[in-house]
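**Q** Task: produce atomic coordinates for the following.
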Amino acid sequence: MLPLLFHKRLFLHLFLGFVLAVVTGIMSHECGHWLVARCYGFKGQTMGYNYTHYGTPSKAWLRRDSVLSRYNSEINSGQSIHRNEYNKLAEAKERDAFLITAGGPMQTMLAGTLGLMLLFVYRRKLFAADRLSFLQWLIIFLSLFWLREIFDVVVAIVRKCTGHLWMEGDEFTMAKYLHLPTWSIFIASGVVSLLILWVVMFRFVPTKQRLTFIFAGLTGGLTGAYLWLVLLGPKLMP
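**A** Next comes the predicted model:
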């Protein structure tokens, strides 16, 4: 078995790569929300450092809200003859809202899945490599977009343990729309994220570079999250 080695120069490069990957992952995630909202006719969307304002709904969406508001009191009083129409409109609105919410996680998962597919496409070259090239590391980083899922699970658990009553996160909202247990999507995506991390780390990262990769991932990922979510993001994109 080859010894685990620590490469200072590689560590610096991977550390910076993880810092940039965190920022890229966060902003591309928000782009997923932005794009789906635009497809549904929303206008004037704005993106912040870690959130997306969907802007003004389309005229069709506003008309739907108007109808739902008008029929709501009648439905609750049991007098409305428009119950079926109301239910259809409510279901359509919930479906659209779910897809807009899912736009962010789906973008992140699709990017990570693309990276994982490329790893398997070029697996022979990767398996034969004693040290990975720049382009091979790029594919590794792309596959690790999936790490957002396990990161968010850890954050959610910490928030829960520290007494936060309101649990934030797209996966919580998606589970609510689908009428699933609150943690179901979070836990499922987190498990998939861990499996992908294991495959990438122990199948595609060479043994000689693995220890450096692990340290760079831990320090670079946390540094990138702190720099963007706490120090720079709120100032550059408030």
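**Q** So residue 182: helix, strand or coil?
**A** The assignment at residue 182 comes out as coil when based on DSSP: H, G, I helix; E, B strand; the rest coil.
**Q** gap between it and residue 172?
**A** Taking Cβ to Cβ, to the nearest Å as the measure, residue 182 falls 6 Å from residue 172. C-beta here means a position set from N, CA and C on the backbone, and glycine is covered the same way.
**Q** where's residue 200 relative to residue 171, distance?
**A** 22 Å.
**Q** Settle it for me: which of the two has more neighbours?
**A** Per other Cβ atoms under 10 Å, whichever of residue 200 and residue 171 has more neighbours is residue 171, with 27 against 22.
**Q** Would you check that the more buried one makes contact with residue 180?
**A** No. Taking contacts as Cβ atoms under 8 Å, residue 171 lies outside contact range of residue 180: 10.0 Å.
**Q** Work out for me the element residue 60 sits within.
**A** helix 59-77 (DSSP states H and E).
**Q** list the buried ones in that helix?
**A** Buried residues in helix 59-77, counted by 16 or more other Cβ atoms under 10 Å: 61, 64, 68, 71.
**Q** likewise stretch 47-56?
**A** 49, 52, 54.
**Q** from the chain's centre, how far out does stretch 9-28 sit?
**A** 16 Å (Cα atoms, centre = their mean, to the nearest Å).
**Q** Between residue 182 and residue 172, tell me which one has more neighbours.
**A** Applying other Cβ under 10 Å to residue 182 and residue 172 shows that residue 172 carries more neighbours, namely 18 against 14.
**Q** Can you give me the distance of the more buried one to residue 205?
**A** 32 Å.
**Q** same question, residue 57
**A** 45 Å.
**Q** okay, these two: which has more neighbours?
**A** residue 205 (21 against 18).
**Q** name the helices or strands packed onto the longest helix seen in the chain?
**A** Longest helix of the chain, by residue count under DSSP state H: helix 83-121. Under the contact definition 3 or more Cβ pairs under 8 Å, 6 or more residues apart in numbering; DSSP states H and E, helix 83-121 sits against helix 8-39, helix 59-77, helix 134-143, helix 147-161, helix 170-177, helix 184-199.
**Q** any chance of those helices in JSON lines, plus distance to residue 91?
**A** Shown next, in JSON lines, are these (distance: least, Cβ to Cβ, whole Å):
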{"stretch": "helix 8-39", "distance to residue 91": "18"}
{"stretch": "helix 59-77", "distance to residue 91": "11"}
{"stretch": "helix 134-143", "distance to residue 91": "36"}
{"stretch": "helix 147-161", "distance to residue 91": "28"}
{"stretch": "helix 170-177", "distance to residue 91": "11"}
{"stretch": "helix 184-199", "distance to residue 91": "20"}
